[in-house]
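>>> okay, sequence plus prediction incoming.
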Amino acid sequence: LSRSRVVSDEELDRAPYVLVGRDGHLLSGAGDEIYGRGNFPEDDVLGIFRRGQRLIDPDSGEFLGIQARDVGTARMQGINASIASLSLTRSTMEVRGGDRFLPEVDSILQARFQPTAPEQTIEASVLLVENGLDRFGQLQSIAISKGQREGLKPGDILAVYQRSAPVRDPVTEELVRLPDQRAGLMMIFRSFEKVSYGLVLTSERGMKIGDRVRNP
């Protein structure tokens, strides 16, 4: 499941960053040593993230945050002034200069989920698919436009509805949109203030970014 996060512009901008790899290498991977620069926290283990998509609520236009894409994990070896030496213990893609360090979370997932329907009415949109594609299906991670602010928590079950394309009324010549069709179920596994990540549990038909998410 996704280790990516949703953060503010300020949080990402002030985070320390990857300077260069050992011997001046521009790209690094698991097992390599890298150098970082900035105001490092006291943590021994740090996550490495890359600035991703700006997330905007398609209904309200509200800025929801920046996707910080998971790149890897590094362990602090030492620091001299503002230059730190770190070893890469895990990488999901090549680490490069400018990637940001953020504190690791102790555990992304709870030991057990208690699947339940949300206590409040949820009306959200699919913002992104973790693999960067436009379409998604069963067992893929997606992000939606509601989060802790709306009461969403890990274990909440939601239904995904496929948005129907407009059709032309043969009598009035108007463009009308048909009712949305239920396409699958998802479960929230991580929630942020305004955005949540979920795993698609079932898929009855194709789904894509922009589809609606509601109470089951």
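Okay, I see it.

>>> the closest residue to Gly52 other than its chain neighbours: how many residues sit nearby?
Leaving aside its sequence neighbours, Gly52 sits nearest to Gln67 (Cβ to Cβ, 6 or more residues apart in numbering; 3.4 Å). The way it works is simple: take the backbone N, C-alpha and C, and place the C-beta from them, glycine included. Per other Cβ atoms under 10 Å, the neighbour tally for Gln67 reads 23.

>>> same question for Glu62.
11.

>>> for the chain, give me the ranges with low pLDDT.
For the chain, the stretches with pLDDT under 70 are 1, 106-112.

>>> quick one on the thing from earlier: helix or strand: which one has the residue nearest to Gly52?
Here Gln67, judged by DSSP states H and E, is contained in strand 63-80.

>>> check which helices and strands that strand sits against.
strand 5-7, helix 9-13, strand 33-37, strand 45-56, strand 83-91, strand 100-103 (3 or more Cβ pairs under 8 Å, 6 or more residues apart in numbering; DSSP states H and E).

>>> got the buried residues for the second one?
Within helix 9-13, the residues scored as buried using 16 or more other Cβ atoms under 10 Å are Leu12.

>>> before we move on, back to that, OK, contacts around the residue nearest to Gly52?
Gln67 makes contact with 4-6, 52-55, 128, 143 under the criterion Cβ atoms under 8 Å, 6 or more residues apart in numbering.
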